[in-house]
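Asks: sequence and predicted structure, then a few things I'm wondering about:
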There are 2 protein chains.
Amino acid sequence: MDSSIFQHLHQAACEQVCSHCNLREICLPLGLNRAELERIDKRLVAVRRRVTRGETLFRRGERFRSLFAVWMGFFKTCVPASDGRDQVTGFQMAGELIGMDGIGHGVHQAQAVALENSQVCVIPFDELETLSREIPSLQAQFHKAMSREIVRKERVMLLLGSRNADERLAAFLLNLSHRLRARGFSGSSVVLRMTREEIGSFLGLSLETVSRTFSKFQADGLLTVRTRQIRLTDTEGLQRVVDGLPA
Amino acid sequence: MDSSIFQHLHQAACEQVCSHCNLREICLPLGLNRAELERIDKRLVAVRRRVTRGETLFRRGERFRSLFAVWMGFFKTCVPASDGRDQVTGFQMAGELIGMDGIGHGVHQAQAVALENSQVCVIPFDELETLSREIPSLQAQFHKAMSREIVRKERVMLLLGSRNADERLAAFLLNLSHRLRARGFSGSSVVLRMTREEIGSFLGLSLETVSRTFSKFQADGLLTVRTRQIRLTDTEGLQRVVDGLPA
DNA sequence: CGCGAACTTGAGGCGTGTCAACCCCTGTGG
DNA sequence: CCACAGGGGTTGACACGCCTCAAGTTCGCG
């Protein structure tokens, strides 16, 4: 176990100031000028919190107090389905917000679990509302973030409502790839942070179907699979699958 | 055609002031005190707009400027699916907001169509942001509205991802019933404003499956159907269907 | 009253879930 | 160092729920 001194040093080292964070262009403070950034430093983000792999960030039913911005790592959000098991409602990576489901009733409607060792910036919600009354560009950015979340959910609805297994998985992989590319990663080499079962739960498919579809895509030369290590070799082909066109 | 004088009188009669609107307890101004209500009168809602049955409120790709609150009537929102036909993403009734999908990119991502003769309150978005910087309770209410929209979409995702046709349609009917009851209607007598095809599109089912499931529910004594006129005779039984329990 | 749209019902086929067996990898303990 | 256990992943066989196609009926509007 680390000594408390070491812990303190570390806290100081990765101090939570948005103005120097390299995620500021894809996170909530996007579009703020320098003065505004410095104004929210130390106010928007109270603390940064570590969440180890498998640990729960918040549970369904817990009182909602803060939003969380993923600073590093990877999360899933899920809600209990009728049969007792969890259904995954989304995956979040660096720069993405978690917890917006809790605003409506002051209680978290979902559970968030880290899929790898992660860190999140804790954004007390009352402070966010106060600051966004003072800083219009922060207000605008927050509203855009919520709106985009609505559009994302809507897209998944479409996926689940009218696409077959191939189309769903292809869309899922391309979406992951785009988000990784936007964060400076290659996009063609994807390391899955989640199990086949979690992918299936998110896409409304059984884990066997997910596995079979991976194998099929590999046989069709669209990608190569080695368990969690995926290499997308033909993204245009995957896009054709999404569009429902013949291979 | 009405004379212009009559039209003017009518406009004056149903003047768009939130403080006297009988929907204020289920619409955006919920939770505002009298002073705040009077402060937003004439500012939050610029005009009220009539939309006749079948008419489009806004189209996908149109510039986003305003949110719309349904004042009376019934709407569907939909987005073009890959095969050219539309996929329905939601149904909206009195007191519900339409257009939040457009905030994120300044462009409407969906299309909204009236399913009966309707009227909507036009809420210019820049004015809403200005007012919600001045009136914290309005800000809070708007944030809650967006959050609840996210949760609603999430629930539909679950429905589409892990429930069969019976469970989907039962959940849909109970949801409609709850929303009608919250607006002072009976809740057990439901007049569907949409076709079987639109229900199916929303629930990820074919119109034939929707029709068959209605017939099945009727045979099971859960409701009686006469095309668009539905009478829910056993809501507890429908709830058991939703929960996946045996009939 | 007549036409087209909406709805119902049936027959058949396909995609995906379920069940089951097996493999691979990793970590653990003897 | 090996044996073992357990979780994750792959693959096959089979069943079944829902889609598709098709025919016929009812409804609603001009």
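Replies: Looks like it arrived, so ask away.

Asks: residue nearest the centroid of chain A?
Replies: A:Gln92 (1.0 Å; CA atoms, centre = their mean).

Asks: now do the SS call for that one.
Replies: State at A:Gln92, reduced to three classes by DSSP: H, G, I helix; E, B strand; the rest coil: strand.

Asks: also A:Thr213?
Replies: helix.

Asks: also the one 3 residues further on?
Replies: Following three-state DSSP, we place A:Lys216 in the helix state.

Asks: residue boundaries of the strands in chain A?
Replies: Using DSSP state E, the strands of chain A run over A:47-51, A:56-58, A:66-72, A:74-80, A:86-93, A:97-98, A:111-114, A:118-124, A:189-191, A:223-226, A:229-232.

Asks: quickly check: the helix ranked longest in chain A near chain B or not.
Replies: Using DSSP state H, we find that the single longest helix of chain A is helix A:136-162. Yes: counting by CB under 8 Å from any CB of the partner chain, chain B has neighbours in helix A:136-162: A:136, A:139-140, A:143-151, A:153-154, A:156-158, A:160-162. No exception for glycine: its C-beta is placed from N, CA and C like everyone else's.

Asks: ok, of the residues you listed, which come out buried?
Replies: Buried members of these, counted by 16 or more other CB atoms under 10 Å in any protein chain shown: A:139-140, A:143-151, A:153-154, A:156-158, A:160-162.

Asks: buried sites along stretch A:194-212?
Replies: A:194, A:196-205, A:209-211.

Asks: go on, stretch A:122-136?
Replies: Of the residues in stretch A:122-136, A:122-125, A:128-129, A:131-133, A:135 count as buried by neighbour count, 16+ other CB under 10 Å.

Asks: identify the farthest-apart pair in those.
Replies: For these, the farthest-apart pair by CB to CB is A:Val122 and A:Arg133; their separation is 20.1 Å.

Asks: for the record, mean pLDDT for stretch A:189-201?
Replies: In this model, stretch A:189-201 carries a mean pLDDT of 97.

Asks: check stretch A:73-90 too.
Replies: 90.

Asks: got the residues of chain A near DNA strand D?
Replies: A:192, A:195-197, A:207-208, A:210-212, A:214-215, A:225, A:227-228 (CB under 7 Å from any atom of the strand).

Asks: which of those has the weakest pLDDT?
Replies: Least confident entry in the residues of chain A next to DNA strand D, by pLDDT: A:Thr227, with 92.

Asks: near that one, how many other residues are there?
Replies: 10 (other CB atoms under 10 Å in any protein chain shown).

Asks: A:Ser137 and A:Gly31 touch, don't they?
Replies: Yes: applying CB atoms under 8 Å, one finds A:Ser137 in contact with A:Gly31, separated by 5.3 Å.

Asks: list the residues that contact both of those two?
Replies: With CB atoms under 8 Å, 6 or more residues apart in numbering or on different chains applied, the contact sets of A:Ser137 and A:Gly31 do not overlap.

Asks: OK, contacts around A:Leu128?
Replies: A:Leu128 neighbours (CB under 8 Å, 6+ apart): A:44, A:67, A:142.

Asks: separation between the closest residue to A:Leu176 other than its chain neighbours and B:Arg181?
Replies: Leaving aside its chain neighbours, A:Leu176 sits nearest to A:Val190 (5.8 Å; criterion: CB to CB, 6 or more residues apart in numbering or on different chains). Distance of A:Val190 to B:Arg181, given as CB to CB, to the nearest Å: 47 Å.

Asks: can I see the domain layout of chain A?
Replies: Following automatic domain parsing, one gets these domains for chain A: A:3-159, A:163-242.

Asks: was I right about A:Thr209 contacting A:Ser201?
Replies: No: here A:Thr209 lies out of contact with A:Ser201, judged by CB under 8 Å, at a distance of 11.7 Å.

Asks: surely A:Gly104 touches B:Ser147?
Replies: Yes: A:Gly104 lies in contact with B:Ser147 (CB under 8 Å); the separation is 3.7 Å.

Asks: quick one: contacts for A:Met157?
Replies: A:Met157 neighbours (CB under 8 Å, 6+ apart): B:89, B:153, B:156-157, B:160.

Asks: to clarify, my last question referred to A:Val241.
Replies: A:166-167, A:170, A:217, A:222, A:247.

Asks: distance of it relative to A:Arg179?
Replies: 19 Å.

Asks: and what of A:Asp86?
Replies: Here A:Asp86 is placed at a distance of 22 Å from A:Arg179 (CB to CB).

Asks: equivalent analysis for A:Glu129, please.
Replies: A:Glu129 is 27 Å from A:Arg179, by CB to CB.

Asks: which stretches of chain A have low pLDDT?
Replies: Scanning chain A for pLDDT under 70 picks out the ranges A:1-15, A:247.

Asks: DNA strand C contacts on that one?
Replies: Counting by CB under 7 Å from any atom of the strand, chain A sits next to DNA strand C at A:164-166, A:200, A:204-206, A:208-209, A:227.

Asks: filtering those residues by proximity to chain B, which remain?
Replies: A:Gly204.

Asks: now, the residues of chain A next to DNA strand C that are in helices?
Replies: A:165-166, A:200, A:208-209.

Asks: want to throw those residues into a markdown table with distance to A:Met72?
Replies: Shown next, in a markdown table, are those (distance: CB to CB, whole Å):
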| residue | distance to A:Met72 |
| --- | --- |
| A:Ala165 | 32 |
| A:Asp166 | 33 |
| A:Gly200 | 26 |
| A:Glu208 | 33 |
| A:Thr209 | 32 |
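
Asks: between the residues you listed, which is closest to A:Arg59?
Replies: A:Gly200 (22.8 Å).

Asks: count the residues that sit near the closest residue to A:Phe64 other than its chain neighbours.
Replies: With sequence-adjacent residues excluded and distances taken as CB to CB, 6+ apart, A:Phe64 is closest to A:Gly102, at 3.1 Å. Neighbourhood size, A:Gly102 [other CB under 10 Å]: 24.

Asks: got a list of what A:Gly102 touches?
Replies: By CB under 8 Å, 6+ apart, A:Gly102 lies in contact with A:58, A:64, A:108-109, B:147.

Asks: out of these, which comes closest to DNA strand D?
Replies: A:Phe58 (21.3 Å; CB to the nearest atom of the strand).

Asks: and the gap between the closest one and B:Lys153?
Replies: Using CB to CB, A:Phe58 is found at 20 Å from B:Lys153.

Asks: on that earlier part again, the closest residue to the residue nearest to the centre of chain A other than its chain neighbours - how many residues pack around it?
Replies: Leaving out its chain neighbours, the residue that sits closest to A:Gln92 by CB to CB, 6+ apart is A:Phe75, at 4.4 Å. By the criterion of other CB under 10 Å, A:Phe75 has 23 neighbours.

Asks: circling back to that earlier point, of A:Val190 and B:Arg181, who's got more company?
Replies: A:Val190 (18 against 12).

Asks: in contact with that one, which residues?
Replies: By CB under 8 Å, 6+ apart, the contact list for A:Val190 reads A:173, A:176-177, A:180, A:229-232.
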